[in-house]
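# When you get a sec, could you give me coordinates for this:
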Amino acid sequence: MTLTHVCGAPRIRHIYISPGHNFRGHHGREPSVHPVLELDEVECVAGKGLVGDRYFGYKEDYKGQVTFFDWLVYLELCRRLGVTDTPPSALRRNIILEGLDLSALIGREFAIQDVKFFGMEECSPCYWMDRAIGPGAEEALRSRGGLRAKVLTNGRLRRN
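Residues are numbered from 1 along each chain as shown. As a prediction, the model looks like this:
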């Protein structure tokens, strides 16, 4: 396992948590309406995730304790689909950032601000994206759905 120091410190544009699942486990039913809360900073707990989020302490060694998404991919998605009124919170990812190649972090340990993470896998888009963002979103996000990661050290992430 190699630690990747993130050069040029990525910009954290948004931090989101939600107390419940709106889409997961809702196949064949309407989604739930749990709010997505935007924070200026969030507490990360090693092995558990983000305090207050639906996946905090979800299960031991869970590979999606935190999810990351690329701000520039969001902007390109909105342009491509002609979406003008859907915020990045609709993606249901925790940390929206700019200046980091998320796919390069799969299978690697990395640090953002003072918190260490381990990149597990792509956060693959599902059919719900077409409803949350707009028709064609699932297809447009293939191989660009974000990153699922484990939290390795305690600390705080702050928007910057």
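
# Show me which residues of stretch 42-54 are buried.
Residues of stretch 42-54 classed as buried by neighbour count (16 or more other Cβ atoms under 10 Å): 42-45, 48-50, 53-54. In short, each C-beta sits where N, CA and C put it, glycine included.

# Looking at the residues you listed, which are in helices?
Using DSSP state H, no member of those falls in helices.

# Distance from the longest helix along the chain to the middle of the chain?
Counting by DSSP H, the longest helix found in the chain is helix 71-81. How far helix 71-81 lies from its chain's middle: 15 Å, per Cα atoms, centre = their mean, to the nearest Å.

# Which neighbouring elements make contact with the following helix or strand past it?
Toward the C-terminus, helix 71-81 is succeeded by strand 95-98 as the next helix or strand (DSSP states H and E). Contacts defined by 3 or more Cβ pairs under 8 Å, 6 or more residues apart in numbering; DSSP states H and E place strand 95-98 against strand 11-17, strand 66-70, helix 71-81.

# what number of residues lie near Leu72?
11 (other Cβ atoms under 10 Å).

# Which residues are in contact with it?
Glu98 (Cβ atoms under 8 Å, 6 or more residues apart in numbering).

# mind checking how far stretch 74-88 is from the chain centre?
For stretch 74-88 - counting by Cα atoms, centre = their mean - the centre lies 17 Å from the chain centre.

# Please read the previous query as pertaining to stretch 150-160.
For stretch 150-160 - counting by Cα atoms, centre = their mean - the centre lies 13 Å from the chain centre.

# Next, the distance between the ends of that stretch.
22 Å (Cα to Cα, to the nearest Å).

# Touching, Arg11 and Asn160? I think so.
Yes - Arg11 sits in contact with Asn160 when judged by Cβ atoms under 8 Å, with a separation of 5.8 Å.
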